[in-house]
Structures are given as structure tokens and as C-alpha cells.
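Novice: my questions concern the predicted model and sequence given below.
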2 protein chains.
Amino acid sequence: MKKVTIDTSSKAYEVFIEAGVRHSIGKQLETVLTQAPSSIFIMTDSQVAPLYLDDVVASFEEKLPVYKAVIESGEASKSFAVYEQMLTKALEYGLDRKSVVVALGGGVVGDLAGFVAATYMRGIRFVQVPTTLLAHDSSVGGKVAINHPLGKNMVGSFHQPEAVFYDTETLYSLSEREWRSGFAEVMKHGFIRDPEFLEWLQREVKTFDQIPVERLNSLLERSIAVKAQIVSEDEREAGVRAHLNLGHTLGHALETELGYGVMTHGEAVVIGIVFALKLSEELFDIKLNIDHYEKWFNSLGYQTKLPANVTTSKLVSTMTKDKKVEAGAIRMVLLSELGQATTKEVSADLLEKMLDERMEVATNG
Amino acid sequence: MKKVTIDTSSKAYEVFIEAGVRHSIGKQLETVLTQAPSSIFIMTDSQVAPLYLDDVVASFEEKLPVYKAVIESGEASKSFAVYEQMLTKALEYGLDRKSVVVALGGGVVGDLAGFVAATYMRGIRFVQVPTTLLAHDSSVGGKVAINHPLGKNMVGSFHQPEAVFYDTETLYSLSEREWRSGFAEVMKHGFIRDPEFLEWLQREVKTFDQIPVERLNSLLERSIAVKAQIVSEDEREAGVRAHLNLGHTLGHALETELGYGVMTHGEAVVIGIVFALKLSEELFDIKLNIDHYEKWFNSLGYQTKLPANVTTSKLVSTMTKDKKVEAGAIRMVLLSELGQATTKEVSADLLEKMLDERMEVATNG
């Protein structure tokens, strides 16, 4: 089994990567947890439940109480209403401070279940069991949150899981669109920290169809290793952790403006990465071979142009509402060279100008 | 100015105790905060706003943006709905990660504003400006929360303030009922850790009328010092912090069963303390001179009998839903001797028996 250690200032834990690991989570937890759980509360969604919920439930000893909650699949479940519902269930099931929450699913389930665990009785333990590629990013590092109508992930906390169990088998049931959504974060890790990994990706991933399981395990291990490094250096985003937001300021604005779910997170982030590369070339007077990357993105099915139905001025105004914005200045993550992320404050005016001048607009929606 | 240092594993900060300190909070904050605030968000309630809000606003430099929100006074405001409203306001005002929340008011405002600060953009800074005696307890130690219909303080986190500013002048506008509510926690600190302080209280506080300001400052300093000690030893309630719950398991159950606000928190806690003393005598075969304390409680206006309209079986069933309950056993805080708190698991059956046999019931409501 592959393992990556996440060593933050508040807690150290392992990411276990293995095909089929969902069948042994109960057993694995016995060695991971220093204090035995009094009960288990598995949160999952309507898409994942029919596929894997029974397997995970069956992995626990019969004498341990295991409770379940299934939320609607989709970003809309990261709401105040569903958050409150889950807390109500936790209370009704009688979860106590020794109970453990299991987040079985993608980023939505992980973020929501993590925030429930972070705030139930002022914080109980939880483990992440990601079932999407995108969640390889969100399940590691302890960021948990729900959305507010005025902005994504605006309400949340830092709450590190006790462990992450990554069952690579589950990734083969994902649609191509879901692969694209997650793979954006994989590429991002290459761009900000590991050019060699970025090379490897271009060589090994020319299509999302039928990636052999060994290659997939390696991909996850290397991508998570970048995240682990950064989170270990800066748990609470006081510094380098911000680098993980490459492509995300514009990406979030696109998601907000189009309405959550119209474009996947990764699809929006890739457009954000293209913009960040262009802005980096402009501001640091460097060449990043953007055409080459755009072609690779397009060959994997990513759009790299701005959607026609969103104005640049609206995008910039939404970007100023992002969490990363302090006192009006927009701090963008850029590259000073390939594999070297840095942040720089950019005025709203310059952002709008650059969006207008450097980004192409899709001809059709 | 009197100062008590709270030195937790996650943060160290000062409690400043002084008559009139509300007029200089803006100035004091300049030395307290290592990073200047980008804006200020003062949350207060409908009872406190007309008395002190202007003073606190005026204490900040004019160039700093200061936003305000006034919630309805009372425990009902510690709800999901008001929590969400406050987050919406924070977003609408454009608070960023360098903004600072000011909780101006009693425990309700402190708990709510603290939880807003703990979860807004995954946590921003806040300061406590308690205006009640009860809040001398809740404003120190970083416990923040809202209520759930199924239980008090069930949703929250640990989020330490940057500082606590205690303006003793504000306590003179409190009603006798509010004094009683807060003074229960003062006495509790004596019972669990400081018998000499308990002696001092019995000598110096025979009525809540006209306590001289110097005596009041000393009372707060000594009471907060006990809390500071305990919180420093155990920030996240893994051990001795539980001692602060003396009288609270039964107290919370009384509040829940009667409906929040019927009996004040302190009034309920005093009945809980009486029960804890009786249980301690029974289980540890000691004498705690309970009659003497009951007389003192009564002379200060506290009820020490159970209300007639609540059955003991209902109380015990609510006690088993308390946060401190793990896997069904009820862990009670007891005294092994005066000033020496300890915890002990007590079965629901024994609790009900002891409630029936040892507690008197009020004849009238």
C-alpha cells in the first residue's frame, strides 16, 4: 500500500492509497486511532451510496454502531440547510465526543462532513474516504467548508482528518467530465512545485481512458506529495499554502458567475491556470510555453477560452469578493518560472484589461 | 489596570479588567494586535447597543471601517438562523481575513460572534468585550457555539480571542437576576479550585447591591484566574477543563427542560451545584457542609430546590444527551473535598434515585 504522510503543525496523519482499501477501513482504523470510536457516522451522497456504502459499512465490526446519512449529490448540498440537517442527525443518533465521522465521496461530501465533524460538540474526529479524483486535493490538508450564496467555501474551518483512505478502484466509475475536474488539480501541483511531475503527466496521461491502476496510484502519490509538502510548511494559509490557489481566483469567479455546477471546478480552474500563465508572462517578462500547455489541455477535453455569457467586468468584481482578497487588492498566484509559484497583488483594473486583451472568448456559450 | 494572562496551547492573550475600558478599546487593540485590522465588525444585542455601542465605536480611529450588527437580546439568538444572518452581513460588509470581530455583550453575543469569527473564511480574529458577570466565564477560554433545538452549545468550536476587555462599569447596569446568573460561575470557581476565594466571597458578597468597584475588580480577577489556570492546563477539555462543568450537567438539563430563559443559566447551575455536593457526600463519604452553602445561596436569592414541573426521569434522560456523555455513561463533576474537583461516571439509575431521594422539590412551580 502506498502512503503519503501529512505532517501539519496541529496533526500528522497518513494518506493510504490502494485499490480496494474501502473493504478494510474498519480494520485499518483500529491501528490509526489511538482512542477507539464509540460509534461511526458515515456521510455519503446519492451517487456514491449505491456503489460503495455497503462495502464501507461491512468493513466495521458488527458490535460498533454505524450510522449513515445520504445527501443529494452535487455542490448544492454544501448549504446551511444540509449542514444543519447533518448535525440534527448526529444528535438524533446520539453521537458523542468519541464518535468518528467518515466522509465517503467527493469534495462536497468531504467538505460538508468535515465541517460537521469540526463543529459537532466543538469538534470530533473524522476520516476522509475520497471517491473522486478531485477529492485527492480537497481531502488532504484539513480545509472544510460549506458555501454561502455570496461565495464558495466562505464558512468553514481547519480540521485535519485522522487519516485519508484512497481507494483507486472507485475512480474507474467516474465520468470523463469528473476526471477532467480532478485532473486540473493534479496538473496544478506540477505547475506550482514539480515540473518533472508535469513532464511525467504529459507523457503518461494523454487520455483519461483506461489509466492502469499502478500508474494511477503513482499519479495520486506524486500529486498528494506536493500538497503534503505545502500543507506541512503552512497549515493555515499564512504563506505558501496560497500557492495551491493557482487558477482558483478566476476559477471560483467563473463558477460563481455561471452558477455552481455549470462548469466543473477543474474546468474552471484550467481557464484560471491559463490566465495565470498569461499574467505571469506579462508581469515577470518570462516565457512559459503557454501554447503548448493549452494544446495539451484541449486534447484532454478542457476549454481554455472564457465563456461568452460572462462579462470580464463581472468576473473581476466577483474576484474582489474572494477570501484571498485583503482590503481590496487582489492577490493572484502566478509563476515566476515553471514549478515556482509566487503571489502578487494585481489591481482590478489591470486584471480586467488583461482578461480583455489576453483571453480568448468562446464563440458558443 | 488589572490583567490576567490566559496561556493556552494554541494562543496566549490577556484579560484586561478596568472600569471604563470600553472607551479605549480601539487604542488598546493597536498594541494587542500584531497585524493591524482591515476593518472591525462589532456584534452586540438590543439590550447592550443603546448603552455602550457608541462608546466602543468611538474608540476606533475614524479611518478604520467599523461595521455593526445588533441581534435580539436573549438565548434564542444563538440559533442557526441568526448565525447565518451574521455571516451574510460579514460578507456584505466585505470583511476579509484581516478583519476583527468585536463581541460586545453577554455570553450569547460572545458565543455567537465567536463562532462567526471562528468559521468566517475558516477563522478570523476576534475580541471579547463582556458586559455581564456571567460572561466573565464564557468570554475566557475560547469556547464558542450556537444552540441546537436538541441541545445547548452543541455546534461550535474552540477559537481563542485576541484579548478580553472587561469594563466593570458595565456590570452596574445589570439586574439582580443577571448578577445571580453570573455569580454562580464565580462561586463555582471557588468550589472546584480555590476554597480561600470561596471564603472571601462569603465574607465580601452578602448582597449584589452596590459592590464597590475595587472589590468587583478583585472578584473578577480571582475568578478569572481560576479559569485561566484550568484552561492553560487543558485547552480542549481532554481532562481538567471538565471540572468547570460542576453543576452544569443538571443545570443544562434544567434549562433545556424548562425552555431556555425560564431559569437563568446561573440559577440552574446553582441547583446543579447543590446536587453535585450531595452526590459527592454520598459517593465519597465526606461532609461538605451543604446546609451552610444552601443558606448562603438562598440569602443571595437562589432557589436550591428542583422546580415542581419537571420530572426527575425527564431530567436524567436529558442529561444523557449532554456533550459530556460518552457511550451512555454520565460523567459527573464532583468534589472529593472542598476545592478539589474530580469526575466520576454515574449510572442514569443512580442519578435518578439520588435526585428523588436527596433533592427537595419546590412547592410552587
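Specialist: Received it, and whenever you're ready, just let me know what you need.

Novice: relative to chain B, how far out is A:His23?
Specialist: A:His23 sits 27 Å away from chain B, going by Cβ to the nearest Cβ, to the nearest Å. In this view, the C-beta of every residue, glycine as well, is placed from N, C-alpha and C.

Novice: can you give me the end-to-end distance of stretch A:140-158?
Specialist: By Cα to Cα, to the nearest Å, the extent of stretch A:140-158 from end to end equals 11 Å.

Novice: how about A:Thr318, what does it touch?
Specialist: A:252-253, A:256-257 (Cβ atoms under 8 Å, 6 or more residues apart in numbering or on different chains).

Novice: which non-adjacent residue is nearest it?
Specialist: A:Ala253 (4.1 Å; Cβ to Cβ, 6 or more residues apart in numbering or on different chains).

Novice: what helix or strand is that neighbour located in?
Specialist: For A:Ala253, the element it lies in under DSSP states H and E is helix A:248-258.

Novice: list the buried ones in that helix?
Specialist: Residues of helix A:248-258 classed as buried: A:248-257 (neighbour count, 16 or more other Cβ atoms under 10 Å in any protein chain shown).

Novice: ok, back up a step: A:Ser313 is in contact with the residue nearest to A:Thr318, correct?
Specialist: No: when contacts are counted by Cβ atoms under 8 Å, A:Ala253 is not listed as touching A:Ser313 (11.3 Å).

Novice: how about the residue located most distally from the centre of chain A, secondary structure?
Specialist: Distance from the C-alpha centroid of chain A peaks at A:Lys63, with 34.1 Å (Cα atoms, centre = their mean). Applying DSSP: H, G, I helix; E, B strand; the rest coil to A:Lys63 yields a three-state assignment of coil.

Novice: and if you look at the one 4 residues further on?
Specialist: Using three-state DSSP, the secondary structure recorded for A:Tyr67 is strand.

Novice: related to what we said a few turns ago, wait, which of the contacts of A:Thr318 is closest to A:Asp7?
Specialist: Of all the contacts of A:Thr318, the one with the least separation from A:Asp7 (Cβ to Cβ) is A:His252, at 28.1 Å.

Novice: could you pull out the strands for the stretch 1-150 of chain A?
Specialist: Assigned by DSSP state E, counting those that start in this stretch, the stretch 1-150 of chain A shows strands spanning A:2-7, A:12-17, A:40-45, A:66-71, A:100-105, A:125-130, A:143-148.

Novice: chain B is nearest to which of these?
Specialist: For chain B, the closest of the strands of the stretch 1-150 of chain A is strand A:143-148, at 6.1 Å, according to Cβ to the nearest Cβ.

Novice: is any part of that closest one close to chain B?
Specialist: Yes: contact of strand A:143-148 with chain B is found when judged by Cβ under 8 Å from any Cβ of the partner chain, involving A:143, A:145, A:148.

Novice: with stretch A:160-168 instead?
Specialist: No: against chain B, stretch A:160-168 shows no contacts by Cβ under 8 Å from any Cβ, the least distance being 12.7 Å.

Novice: need the residues that contact that stretch.
Specialist: A:6, A:8, A:10-11, A:13-22, A:25, A:28-29, A:32-33, A:52, A:100, A:103, A:114, A:125-131, A:136, A:139-142, A:213, A:216-217, A:220.

Novice: pull out the buried members of those residues.
Specialist: Among those, the ones that count as buried by 16+ other Cβ under 10 Å are A:6, A:8, A:13-19, A:21-22, A:25, A:28-29, A:32, A:52, A:100, A:103, A:114, A:125-131, A:136, A:139-142, A:216-217, A:220.

Novice: export the strands of the stretch 1-150 of chain A to CSV and append columns for mean pLDDT.
Specialist: Formatted as CSV, those follow (pLDDT from 0 to 100):
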stretch, mean pLDDT
strand A:2-7, 95
strand A:12-17, 97
strand A:40-45, 98
strand A:66-71, 98
strand A:100-105, 98
strand A:125-130, 98
strand A:143-148, 96
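
Novice: how far is the helix or strand hosting A:Lys314 from where the chain is centred?
Specialist: In the assignment (DSSP H and E), A:Lys314 maps to helix A:312-319. Here helix A:312-319 is found 23 Å from its chain centre; the criterion is Cα atoms, centre = their mean, to the nearest Å.

Novice: between it and helix A:248-258, how big is the angle?
Specialist: Here helix A:312-319 runs at an angle of 110 degrees relative to helix A:248-258 (axes from the mean of the first three to the mean of the last three Cα atoms, to 10 degrees).

Novice: do any residues in the helix or strand just after helix A:312-319 lie close to chain B?
Specialist: For helix A:312-319, the succeeding helix or strand toward the C-terminus, using DSSP H and E, is strand A:330-337. No: legend: contact between strand A:330-337 and chain B by Cβ under 8 Å from any Cβ is lacking; minimum distance shown is 10.5 Å.

Novice: what parts of chain A come near chain B?
Specialist: In this structure, chain A approaches chain B at residues A:38-39, A:80, A:84, A:87-88, A:91-92, A:94, A:96-98, A:118-123, A:143, A:145, A:148-151, A:153-158, A:236-237, A:321, A:323, A:325-327, judged by Cβ under 8 Å from any Cβ.

Novice: Throw together a PyMOL command that grabs the buried residues out of the residues you listed.
Specialist: Selection command for PyMOL covering only the buried members of these, criterion 16+ other Cβ under 10 Å:
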select buried, chain A and resi 38+39+80+84+87+88+91+94+96+97+118+119+120+121+122+123+143+145+148+151+153+154+155+156+157+158+237+321+323+325
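
Novice: strands of the stretch 201-350 of chain A, residue ranges please.
Specialist: Ranges of strands in the stretch 201-350 of chain A, per DSSP E, counting those that start in this stretch, are A:330-337, A:340-346.

Novice: helices or strands next to the longest one in the packing?
Specialist: Based on contacts counted as 3 or more Cβ pairs under 8 Å, 6 or more residues apart in numbering or on different chains; DSSP states H and E, the elements that strand A:330-337 packs against are helix A:176-193, helix A:248-258, helix A:265-284, strand A:340-346, helix A:348-358.

Novice: can I get the longest one as CSV, trimmed to CA atoms?
Specialist: These are the backbone C-alpha positions of helix A:265-284, laid out as CSV (Å, rounded to 0.1, in the frame of the first residue of the first chain):
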residue,chain,number,x,y,z
HIS,A,265,-14.4,23.0,-10.7
GLY,A,266,-11.5,21.7,-12.6
GLU,A,267,-12.7,23.0,-15.9
ALA,A,268,-13.0,26.5,-14.4
VAL,A,269,-9.6,26.1,-12.7
VAL,A,270,-7.9,25.2,-16.0
ILE,A,271,-9.1,28.5,-17.6
GLY,A,272,-7.8,30.2,-14.4
ILE,A,273,-4.4,28.5,-14.9
VAL,A,274,-4.2,29.6,-18.5
PHE,A,275,-5.0,33.2,-17.3
ALA,A,276,-2.4,32.9,-14.5
LEU,A,277,0.3,31.8,-17.0
LYS,A,278,-0.5,34.7,-19.3
LEU,A,279,-0.4,37.1,-16.4
SER,A,280,2.9,35.7,-15.3
GLU,A,281,4.4,36.1,-18.7
GLU,A,282,3.2,39.7,-18.8
LEU,A,283,4.3,40.7,-15.3
PHE,A,284,7.5,38.8,-14.9
